[in-house]
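Engineer: sequence and predicted structure, then a few things I'm wondering about:
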Amino acid sequence: MRPEYHTEAFGVSIEQSREVWDEALRVICGLFLNDTFPGHKGRHYEIPERKLVPKPVQRPHPPLWVAATSQATFASAARAGLGVLGFTAVPPEELAPPSPPIAPLSGRPIPRASTAPHPTSRWPRS
């Protein structure tokens, strides 16, 4: 499978995908956090001032998650206070940020890395 399969349907190159994701995350969180979203004019999105209703019940916003396979994505998620669905064979210790954690953008504490066994590992072996 080609690595760009998940971006080409949106007209985004694999090289642009992280930049587009980062901008989209800022816009989405801005819509959740502001009573009146002031608008956004960025490189990839232009959104006028607006009100998003109904607002999420969770504060500051609902839990947001990202699928990750690279250390860069794990670090980006930690900085933003996102949950991570990790798809990697790397031990959690190797995914720990190389420097002290940065306060997450969401205001939520950065969770410690943890792993869960694959559900099939509990199945009886024949």
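Structural biologist: In hand now; what should we look at?
Engineer: so residue 86 sits right up against residue 68, yeah?
Structural biologist: Yes. Between residue 86 and residue 68 a contact is recorded at 5.5 Å, counting by C-beta atoms under 8 Å. In short, each C-beta sits where N, CA and C put it, glycine included.
Engineer: report the buried residues of stretch 29-45.
Structural biologist: Going by neighbour count (16 or more other C-beta atoms under 10 Å), the buried part of stretch 29-45 is 29-33, 37, 40.
Engineer: to clarify, my last question referred to stretch 78-85.
Structural biologist: Result for stretch 78-85 [16+ other C-beta under 10 Å]: buried residues 78-82, 84.
Engineer: sitting in strands, which of these do you find?
Structural biologist: residue 84 (DSSP state E).
Engineer: now the buried residues of stretch 78-85 in CSV, please, with extra columns for pLDDT.
Structural biologist: As requested, the buried residues of stretch 78-85 are arranged in CSV below (pLDDT from 0 to 100):
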residue, pLDDT
78, 80
79, 80
80, 80
81, 81
82, 85
84, 85
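Engineer: max pairwise distance over the buried residues of stretch 78-85: which two?
Structural biologist: Greatest spatial distance among the buried residues of stretch 78-85 (C-beta to C-beta): 79 and 84, at 11.7 Å.
Engineer: now do the helices in the chain.
Structural biologist: For the chain, the helices defined by DSSP state H cover 5-8, 17-33, 71-80, 92-95.
Engineer: deepest of these, which one?
Structural biologist: helix 71-80 (a mean of 18; mean count of other C-beta atoms under 10 Å).
Engineer: and it, what does it pack onto?
Structural biologist: Under the contact definition 3 or more C-beta pairs under 8 Å, 6 or more residues apart in numbering; DSSP states H and E, helix 71-80 sits against helix 17-33, strand 65-68, strand 83-86, helix 92-95.
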